[in-house]
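Asks: Attaching a predicted model along with its sequence, questions to come.
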Amino acid sequence: MRRRLGPAALAIAGALALAGCGGSDSGDSGDGGSGKAELSAGSAYMPQPVSGDMAAGFLTVTNKGGAADELTSVTSDIAGQVTVHETVDGAMQEVKSLKIPAGGRLELKSGGDHLMFEQLKSKPKEGQTVSVELHFAHSGPMKVEMPVKPATYTPKTGH
């Protein structure tokens, strides 16, 4: 014998069925439901500059959050300006921002995307540390200490 469900029972059954159907826009993005970028920086360094007016900087920004972000600018007391560059087919060009994917990373490395410190106020020397502040499209600013390495330094890991 088959029983017919009343309207209230059908509504509850429908609600329970829909509750298990979360799409990617349900707020569950693998980051505890925050839907925000969770940024950290590591592997930062600056090769000792060979010229007195420019230097390069490298680091990795990791995003453990469920939303993408973008590195939009960098500031440092040692330079008149710090610009963000991408390298495409061996040619570098200044860009307004670099993307940091959700659950991914932005790697700034020698021969690739990088920071350019221009109009140096003093020439950083090996063993010193340069302070930089990273600015993002959606996250708050982040201070990073960047050790000055030999001009020929090549990192073993992290890049």
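Replies: Sure thing, it's come through. Numbers count the residues shown, from 1 in each chain.
Asks: any idea how far residue 63 lies from residue 109?
Replies: Distance, residue 63 to residue 109, using Cβ to Cβ, to the nearest Å: 17 Å. For glycine as for every other residue, the C-beta is placed from the backbone atoms N, C-alpha and C.
Asks: who has more neighbours, the two?
Replies: Counted by other Cβ atoms under 10 Å, residue 63 and residue 109 do not tie: residue 63 has more neighbours, with 24 against 16.
Asks: wait, doesn't that one sit right on residue 98?
Replies: No - with contact taken as Cβ atoms under 8 Å, residue 63 and residue 98 are classed as non-touching, separated by 12.0 Å.
Asks: where do the contact lists of the two overlap?
Replies: residue 106 (Cβ atoms under 8 Å, 6 or more residues apart in numbering).
Asks: Which parts of the chain are strands?
Replies: Remark: strands assigned in the chain by DSSP state E are 39-47, 54-63, 69-75, 79-88, 91-94, 98-100, 105-108, 114-120, 129-136, 142-149.
Asks: Please render the ones you listed as JSON lines that adds distance to residue 156 and mean pLDDT to the earlier fields.
Replies: As requested, the strands of the chain are arranged in JSON lines below (distance: least, Cβ to Cβ, whole Å; pLDDT from 0 to 100):
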{"stretch": "strand 39-47", "distance to residue 156": "10", "mean pLDDT": "97"}
{"stretch": "strand 54-63", "distance to residue 156": "13", "mean pLDDT": "97"}
{"stretch": "strand 69-75", "distance to residue 156": "24", "mean pLDDT": "98"}
{"stretch": "strand 79-88", "distance to residue 156": "21", "mean pLDDT": "95"}
{"stretch": "strand 91-94", "distance to residue 156": "24", "mean pLDDT": "94"}
{"stretch": "strand 98-100", "distance to residue 156": "23", "mean pLDDT": "98"}
{"stretch": "strand 105-108", "distance to residue 156": "15", "mean pLDDT": "97"}
{"stretch": "strand 114-120", "distance to residue 156": "18", "mean pLDDT": "97"}
{"stretch": "strand 129-136", "distance to residue 156": "20", "mean pLDDT": "98"}
{"stretch": "strand 142-149", "distance to residue 156": "12", "mean pLDDT": "98"}
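Asks: Since that was my last question, I'll sign off now.
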